[in-house]
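Peer 1: the following block contains a protein sequence and its predicted model.
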Number of protein chains: 2
Amino acid sequence: MTDTPALSAPSFRPLYDQIKILITQSLIGGEWKPGEAIPSEIELAARYQVSQGTVRKAIDLLAAENILVRRQGKGTFVSTHTEPKTQYRFLRIIPDGSEKVNPTTTFIDVKKNRASAEIARALDLKLGAPVMSIRRVLVFAGKPVILDEVVISAALVPGLTMEKIQESKGSIYSFFETAYGLRMIRAEERLTAVPANEFAAAHLKVRKNAPLLCVDRIAFTYGDKPVEWRRGLCLTEGYSYYNELA
Amino acid sequence: MTDTPALSAPSFRPLYDQIKILITQSLIGGEWKPGEAIPSEIELAARYQVSQGTVRKAIDLLAAENILVRRQGKGTFVSTHTEPKTQYRFLRIIPDGSEKVNPTTTFIDVKKNRASAEIARALDLKLGAPVMSIRRVLVFAGKPVILDEVVISAALVPGLTMEKIQESKGSIYSFFETAYGLRMIRAEERLTAVPANEFAAAHLKVRKNAPLLCVDRIAFTYGDKPVEWRRGLCLTEGYSYYNELA
DNA sequence: GAGTGGTCTAGACCACCCC
DNA sequence: GGGTGGTCTAGACCACTCT
């Protein structure tokens, strides 16, 4: 989905693709921060010495990947997880039959751990590397619906504590973005059905072995670098995982 | 996702959008059939009296929706579910850790039914309207993995029998396409975790009440018209539902 | 009114496919 | 070589937002 600058040259690289990479590098370098406007198409065209149409196409691609957001008459902005409309962009659990509703979060604990084999493989870390593990419950309309565990390399989130997360309000990606400049660009999920273990049963207030939706996620930052592993256990009575296929 | 020509005029409709609608109407009318090439951009530009760039943008949009497929040097083609590469386009269940594999199908029965409230609502039919119901098992590498029921208005598939489907080989959408000219463009799915009932347990060879992934789908044809309702029960040991978030 | 993204055009040239 | 889609340009004009 996202591009890989890659060493294996595709034998021909369109100009707009090169511009796209240059813009991406400026985003990685922090020249333009989430929520801010990037320079206008005309300015970028002058800067890169190409036509406006070529810049336009590069921006079109980045907008299609939700990395940039166009707003007519105002400018082009760097995507962010901190705005109300987009803070739960990756959350696909919604109430049956009704509109998407944002949950509130209750934290269980925030601990330092060592990467298991599964997590080390997913996040491209060494086995046993230090990671932070965040466990929490997402509550929809007063009802606990998702129990999840978020795991991220400790090196990426120095000084992380439960208190800091709780102060931040909003989604955890919003927190990662503002506190550590860590931006989640895309994610891959794998869903399975599992019986509730005791821990999940207690937190979600269901009986042990009740069927739960297990959502495993790996989230990526720029350059398709995996940075977060997550497992969510969701009860699906009154709620379901919504997906569009095209 | 797909456009609605709509009566509520958006106060301004770009030319490329109008061209897109004209092309879509030709697709609905059957002027160009699945798998065939549509006229070249230059021809279409002449036909609609617009520039090639405008036709190009209209085709870009249709290609982004997987309604058309571009092939450099050859032409632009109408998408189809009949080719090996695309016949299981909407199937998201894949083996853990390995590549996508196409399943084989075992049919259980094909019956005429009356639309339940749920199905009538989903397919925009009258309660009790005649529908065809197809039940089958999808088998991956010798192992039964999905038990599903496909429901479609009987009016859309006259003379449907199990024998006809079995003769057709390939996916059921491929069959609908070739036998009835019915083309599935997009779909919405809702996933839940449910305990296996006796019927599912027997067909998937799991114990009763084992957790299964329940995948409810509504599939749409041109003009966002819902035409198929489907419920799949999937065992998720060794298999999972894969999804990309952007 | 000035500035931004959005549309539309016309034309040149490139990459790919097939004859 | 001739056809197709793909890239790139330059310029005109439109729609939207803010001041």
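Peer 2: Sure thing, it's come through. Since this is a predicted model, take the numbers as computed values, not measurements.
Peer 1: quick one, longest helix in chain A?
Peer 2: helix A:15-29 (DSSP state H).
Peer 1: elements contacting that one?
Peer 2: helix A:41-48, helix A:52-64 (3 or more CB pairs under 8 Å, 6 or more residues apart in numbering or on different chains; DSSP states H and E). Any C-beta I mention is one placed from the backbone N, CA and C, and that applies to glycine too.
Peer 1: let's see it at 10 Å
Peer 2: When contacts are defined as 3 or more CB pairs under 10 Å, 6 or more residues apart in numbering or on different chains; DSSP states H and E, helix A:15-29 packs onto strand A:37-38, helix A:41-48, helix A:52-64, strand A:68-71, strand A:75-78.
Peer 1: what about the longest one, near DNA strand C?
Peer 2: Which is helix A:52-64. Yes: Helix A:52-64 lies within reach of DNA strand C by CB under 7 Å from any atom of the strand, at A:Gly53, A:Arg56.
Peer 1: next up, the contacts around A:Ile67.
Peer 2: A:2, A:20, A:23-24, A:27, A:59, A:61, A:78-79, A:183, A:185-186, A:222, B:246 (CB atoms under 10 Å, 6 or more residues apart in numbering or on different chains).
Peer 1: tell me where chain A has helices.
Peer 2: So, for chain A - with DSSP H - the helices run A:15-29, A:41-48, A:52-64, A:117-123, A:162-168, A:172-180, A:198-204.
Peer 1: can you put these in JSON lines and add mean pLDDT and distance to DNA strand D?
Peer 2: Shown next, in JSON lines, are the helices of chain A (pLDDT from 0 to 100; distance: least, CB to the nearest atom of the strand, whole Å):
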{"stretch": "helix A:15-29", "mean pLDDT": "97", "distance to DNA strand D": "3"}
{"stretch": "helix A:41-48", "mean pLDDT": "98", "distance to DNA strand D": "8"}
{"stretch": "helix A:52-64", "mean pLDDT": "98", "distance to DNA strand D": "3"}
{"stretch": "helix A:117-123", "mean pLDDT": "98", "distance to DNA strand D": "33"}
{"stretch": "helix A:162-168", "mean pLDDT": "95", "distance to DNA strand D": "26"}
{"stretch": "helix A:172-180", "mean pLDDT": "96", "distance to DNA strand D": "22"}
{"stretch": "helix A:198-204", "mean pLDDT": "98", "distance to DNA strand D": "42"}
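Peer 1: got JSON lines for these, with mean neighbour count too?
Peer 2: Shown next, in JSON lines, are these (neighbours: other CB atoms under 10 Å in any protein chain shown):
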{"stretch": "helix A:15-29", "mean neighbour count": "17"}
{"stretch": "helix A:41-48", "mean neighbour count": "15"}
{"stretch": "helix A:52-64", "mean neighbour count": "18"}
{"stretch": "helix A:117-123", "mean neighbour count": "16"}
{"stretch": "helix A:162-168", "mean neighbour count": "14"}
{"stretch": "helix A:172-180", "mean neighbour count": "20"}
{"stretch": "helix A:198-204", "mean neighbour count": "16"}
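Peer 1: and of these, who's closest to A:Arg71?
Peer 2: Among the helices of chain A, helix A:52-64 comes nearest to A:Arg71, with 10.5 Å by CB to CB.
Peer 1: what's that closest one in contact with?
Peer 2: Contacts of helix A:52-64 with the rest of the structure, by CB under 10 Å, 6+ apart, involve A:1-3, A:14-24, A:27, A:38-48, A:50-51, A:67-70, A:76-79, B:53, B:60, B:64, B:246.
Peer 1: excluding its backbone neighbours, what's nearest A:Pro103?
Peer 2: Of all residues beyond its chain neighbours, the one nearest A:Pro103 is A:Leu138 (4.1 Å), with distances taken as CB to CB, 6 or more residues apart in numbering or on different chains.
Peer 1: next up, the contacts around the one you found.
Peer 2: Here A:Leu138 is in contact with A:88, A:91, A:93, A:102-106, A:144-148, A:171, A:232, A:234 (criterion: CB under 10 Å, 6+ apart).
Peer 1: are any of these buried, and which?
Peer 2: Buried by 16 or more other CB atoms under 10 Å in any protein chain shown: A:88, A:91, A:93, A:103, A:105, A:144-148, A:171, A:232, A:234, out of these.
Peer 1: returning to that earlier point: would JSON lines of the helices and strands packed on helix A:15-29 with distance to B:Glu118 be doable?
Peer 2: Formatted as JSON lines, the helices and strands packed on helix A:15-29 follow (distance: least, CB to CB, whole Å):
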{"stretch": "strand A:37-38", "distance to B:Glu118": "47"}
{"stretch": "helix A:41-48", "distance to B:Glu118": "49"}
{"stretch": "helix A:52-64", "distance to B:Glu118": "35"}
{"stretch": "strand A:68-71", "distance to B:Glu118": "37"}
{"stretch": "strand A:75-78", "distance to B:Glu118": "42"}
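Peer 1: so for A:Ile134, which of those sits nearest?
Peer 2: Distance to A:Ile134, taken as CB to CB, is lowest for strand A:75-78 among the helices and strands packed on helix A:15-29, at 25.3 Å.
Peer 1: centre of the chain to the closest one, how far?
Peer 2: 19 Å (CA atoms, centre = their mean, to the nearest Å).
Peer 1: does that strand reach chain B?
Peer 2: No: shown here: strand A:75-78 not in contact with chain B (CB under 10 Å from any CB of the partner chain), separated by at least 15.6 Å.
Peer 1: ok, that strand: who's next to it in the sheet?
Peer 2: Looking at strand A:75-78 with DSSP bridges, its partner strands are strand A:37-38 (antiparallel), strand A:68-71 (antiparallel).
Peer 1: export those strands to JSON lines and tack on distance to DNA strand D, mean neighbour count and mean pLDDT?
Peer 2: Formatted as JSON lines, the strands paired with strand A:75-78 follow (distance: least, CB to the nearest atom of the strand, whole Å; neighbours: other CB atoms under 10 Å in any protein chain shown; pLDDT from 0 to 100):
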{"stretch": "strand A:37-38", "distance to DNA strand D": "11", "mean neighbour count": "16", "mean pLDDT": "98"}
{"stretch": "strand A:68-71", "distance to DNA strand D": "7", "mean neighbour count": "16", "mean pLDDT": "98"}
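Peer 1: contacting residues around the residue most central in space within chain A?
Peer 2: Centroid-nearest residue in chain A: A:Met184, 3.7 Å away (criterion: CA atoms, centre = their mean). Applying CB under 10 Å, 6+ apart, we find A:Met184 in contact with A:79, A:81, A:89-90, A:171-174, A:176-177, A:217, A:219-222, A:227-228, B:245.
Peer 1: run the last query once more with 8 Å
Peer 2: By CB atoms under 8 Å, 6 or more residues apart in numbering or on different chains, the contact list for A:Met184 reads A:His81, A:Phe90, A:Tyr173, A:Phe176, A:Glu177, A:Ala219, A:Phe220, A:Thr221, A:Val227, A:Glu228.
Peer 1: quick one: the fifth one and A:Thr86 touch, right?
Peer 2: No: using CB atoms under 8 Å, A:Glu177 is not in contact with A:Thr86, being 10.8 Å away.
Peer 1: overlap in contacts, the two.
Peer 2: If you check A:Glu177 and A:Thr86 against CB under 8 Å, 6+ apart, the residues they both contact are A:Thr80.
Peer 1: among the contacts of A:Leu138, which lie within strands?
Peer 2: Members of those lying in strands (criterion: DSSP state E): A:Ile93, A:Thr104, A:Thr105, A:Thr106, A:Pro144, A:Val145, A:Ile146, A:Leu147, A:Asp148, A:Gly232, A:Cys234.
Peer 1: mind putting those residues into TSV with distance to B:His203 and pLDDT?
Peer 2: Compiled in TSV, those are given as follows (distance: CB to CB, whole Å; pLDDT from 0 to 100):
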residue	distance to B:His203	pLDDT
A:Ile93	28	97
A:Thr104	41	94
A:Thr105	40	95
A:Thr106	40	96
A:Pro144	33	98
A:Val145	30	98
A:Ile146	30	98
A:Leu147	31	98
A:Asp148	32	96
A:Gly232	29	98
A:Cys234	26	98
